[in-house]
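Q: After the sequence you'll find the predicted model.
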Amino acid sequence: MSIEDDLLGLARAREAATDAAVGEMLLEAPDYVGRQLRAYLSRQVDRGQIKRTDEKTPQLMTLDGGINQLACPEVRFSSGAVLTFDIKLEKRQRGWLVRQFRFHVRLPRERNIRMVRIHLNAGSWHDPRTVPRCHLHIDNSRAHIPFPVTDPRLMLHIICEHVEPGLGT
Amino acid sequence: MTEFSATTPFRLVRRLAAVGQDAPSLYLLICDPAEMDAVLADMAAEVQIQLGLELRAIAASTLRPETLEALTEHNAGQFVVIALAIWLPELISSLDRNIVLLTSGGAVALLTSSDIAEHVLISAPNLRNRLTDVLVFRPDEVFGDSRA
């Protein structure tokens, strides 16, 4: 077996583990998850970390094919950082599957890192060596750095508690 | 009709979370009668998520003046909402006489229509004096699905 075949096999095994983790990560109904995210953002407002948020954030929409989307067009941090995110959920028998998410954080100008994007794609790329299904981008880099599958609620917490205050300082 | 501040279940529960749900407080909440079930469902979700409590919704028509004491026995894990869909003068009179008992267990809300709320405010002076606030739920501000 060539080294290329070996690397492809390793990447496919990682993607299979990612798919299995996504399949295990079933959430409550989108309305409920949206309320949890809204309550979490409100607590961050109370702590002064986030500026006042729109009460209708995140917005819940039903897309084609029965996919539900929770979208947050803009959350402004007191530091000047800006977070946008969207989460697509698909109904399954045992709960709601996280089909896809995108979390984008624009950090303040004075930081060494200006932007972080964390994505869970809807499916695996044809070449998982270059694009892992769940990955991280730093700034405008096209490099796709593998990222562990994480519940979107925990992702929001990681961003608020660690990424936004600590990255690029 | 007197103008009262508008709120949403989210904002109301956030306020309760800030002051502490164990603090004796009494809210008169007004909504469109047709929206009462939706408001209660919205409040139940917010109470569960923000306070970690169960919303105990009680239809006022099931209450009897002689059993009001049972209302005060609600557990610490509950937030009591009395849904007053029709005008019940005897019950309101009894609530008015036992108002201290009513709020002794923590926060309580009375959910009703604007017309009945006016009756309550006029005919129950003790209850009126004990009110923490009178708030109106606007239907367009309720959180929920919007079609793309």
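A: Happy to help now that I have it. Note that the coordinates shown come from a computational prediction; the quantities given were computed from them, not determined experimentally.
Q: can we go C-alpha only for contacts and neighbour counts from here?
A: OK.
Q: Tell me which residues are up against the strand or helix carrying A:Arg99.
A: Assigned by DSSP states H and E, A:Arg99 falls within strand A:95-106. Strand A:95-106 has contacts (CA atoms under 8 Å, 6 or more residues apart in numbering or on different chains) with A:22-23, A:25-30, A:81-91, A:114-122, A:152, A:164.
Q: Repeat that for stretch B:46-59.
A: Identification of contacts with stretch B:46-59 by CA under 8 Å, 6+ apart yields A:35-36, A:39, B:9-10, B:13-14, B:17, B:21, B:40, B:43-44, B:77-85.
Q: cool, and stretch B:121-130?
A: By CA under 8 Å, 6+ apart, stretch B:121-130 touches B:Ser25, B:Leu26, B:Ile92, B:Ser93, B:Leu95, B:Asp96, B:Arg97, B:Ile99, B:Val120.
Q: Give the buried residues for that stretch.
A: For stretch B:121-130, burial by neighbour count (16 or more other CA atoms under 10 Å in any protein chain shown) applies to B:Leu121, B:Ala124, B:Asn126, B:Leu127, B:Arg128, B:Arg130.
Q: Give the rounded mean pLDDT of that stretch.
A: For stretch B:121-130, the mean per-residue pLDDT is 94.
Q: Pull up the distance across that stretch, start to finish.
A: 11 Å (CA to CA, to the nearest Å).
Q: Low-confidence ranges, chain B, go.
A: B:1, B:21, B:65-76, B:139-148 (pLDDT under 70).
Q: if you set the cut-off to 80 instead, what comes out?
A: Scanning chain B for pLDDT under 80 picks out B:1-2, B:20-24, B:64-77, B:101-106, B:139-148.
Q: mind listing the helices for it?
A: Under the criterion DSSP state H, chain B contains helices at B:9-19, B:36-46, B:89-97, B:99-103, B:114-123, B:125-130.
Q: Of those helices, which is nearest A:Ile67?
A: Across the helices of chain B, A:Ile67 has its closest neighbour in helix B:36-46 (21.9 Å, CA to CA).
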